[in-house]
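S.K.: A predicted structure for the sequence below; I have some questions about it.
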Amino acid sequence: MARDNIFLSYVAADLLFVVSGGLLIVFALTTEAQMTKSPTVDTVARNLLFSQCPLNAAIGNAVLVFVTFLLSVPAMVIPMTRGWLKFTGYMTVICALYTMVVGLVIWFDTLRMRENLLPVWQALPASSQSLLQQEFSCCGYTNSTSPPFVVDTTCPNALVAAATVGCVGPFSSFGNNLLDLVFTGAFGIVGVDVVLIMATAMLLKDRKEKARYRHIDEKNGAGAF
């Protein structure tokens, strides 16, 4: 019964693993689709931040997860095989490292949020800058003159703009909060990978013991069990 539980634990961890890959690719593809639409007050900041994320790397990571899961199928359907199990274990380690690197890249970006957002702001058309000003109730980036604010309903003139905060504070705070969720999710997926690696190691040990006992019985003439 205990050995059956080891196998079932591996299957459960493997299913969680492939679900994490599904979440990765759904997030990446949905985000990319959203970014192709015209920006609005509600979406402009989010889309700008996600455009700086390694979405293609996330898609590649998801594909690697799916390939690893498919390779794990022979390890599940062939009861005594250890070769396939070892191979998928190594592949899972690669997936975990890949996801960790993606998460660390996003985390490092949050440490330089203000510095990273300035060139993004400067490259935006006036219409997008105006949407950001409306979303965060701010004028200009650092302040109303650096870079200069865009005239809109939030910043109708220089007097109002001078009395309004620059966008760098609320924009970077929003970016940190959003990307914190993203890299935390990435590290959570790494946790799932680690669980699968541990389940793989346990199943490998179990199958190795079964093979050893089978060889002992064969030598004693009792036949394999």
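M.R.: Looks like it came in fine.
S.K.: buried residues, stretch 111-129. List them.
M.R.: Burial within stretch 111-129, assessed by neighbour count using 16 or more other CB atoms under 10 Å, is assigned to Met113, Asn116, Leu117, Val120, Trp121, Leu124, Ser128, Gln129. (C-beta placed from N, C-alpha, C; glycine too.)
S.K.: residues contacting that stretch, please?
M.R.: By CB atoms under 8 Å, 6 or more residues apart in numbering, the list of residues contacting stretch 111-129 from outside reads 39, 44, 48, 52, 109, 132, 141, 147, 150, 167-168, 171-172, 175-176, 179.
S.K.: which among the residues you listed end up buried?
M.R.: Among the contacts of stretch 111-129, the ones that count as buried by 16+ other CB under 10 Å are 39, 44, 48, 109, 132, 141, 147, 150, 167-168, 171-172, 175, 179.
S.K.: distance from the chain centre to the top helix by length along the chain, please.
M.R.: Under DSSP state H, the helix in the chain containing the largest number of residues is helix 168-219. Helix 168-219 sits 14 Å away from the centroid of its parent chain (CA atoms, centre = their mean, to the nearest Å).
S.K.: show the average pLDDT along it.
M.R.: Helix 168-219 shows a mean pLDDT of 88 in the predicted model.
S.K.: which elements pack onto it?
M.R.: Contact here means 3 or more CB pairs under 8 Å, 6 or more residues apart in numbering; DSSP states H and E; on that basis helix 168-219 packs against helix 2-35, helix 44-51, helix 83-111, helix 113-123, helix 126-136.
S.K.: residue closest to the middle of the chain?
M.R.: For the chain, the residue nearest the mean C-alpha position is Ala186 (3.6 Å; CA atoms, centre = their mean).
S.K.: ok, it - contacts?
M.R.: So, once contact is read as CB under 8 Å, 6+ apart, Ala186 ends up touching Thr99, Met100, Val102, Gly103, Ile106.
S.K.: measure it to Tyr98 for me?
M.R.: When CB to CB, to the nearest Å is applied, the distance between Ala186 and Tyr98 equals 10 Å.
S.K.: check Val151 too.
M.R.: Applying CB to CB, the value for Val151 to Tyr98 is 46 Å.
S.K.: mind putting the buried residues of stretch 111-129 into CSV with pLDDT and distance to Pro79?
M.R.: Below are those laid out as CSV (pLDDT from 0 to 100; distance: CB to CB, whole Å):
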residue, pLDDT, distance to Pro79
Met113, 88, 51
Asn116, 86, 52
Leu117, 89, 55
Val120, 89, 54
Trp121, 91, 59
Leu124, 91, 59
Ser128, 94, 58
Gln129, 94, 62
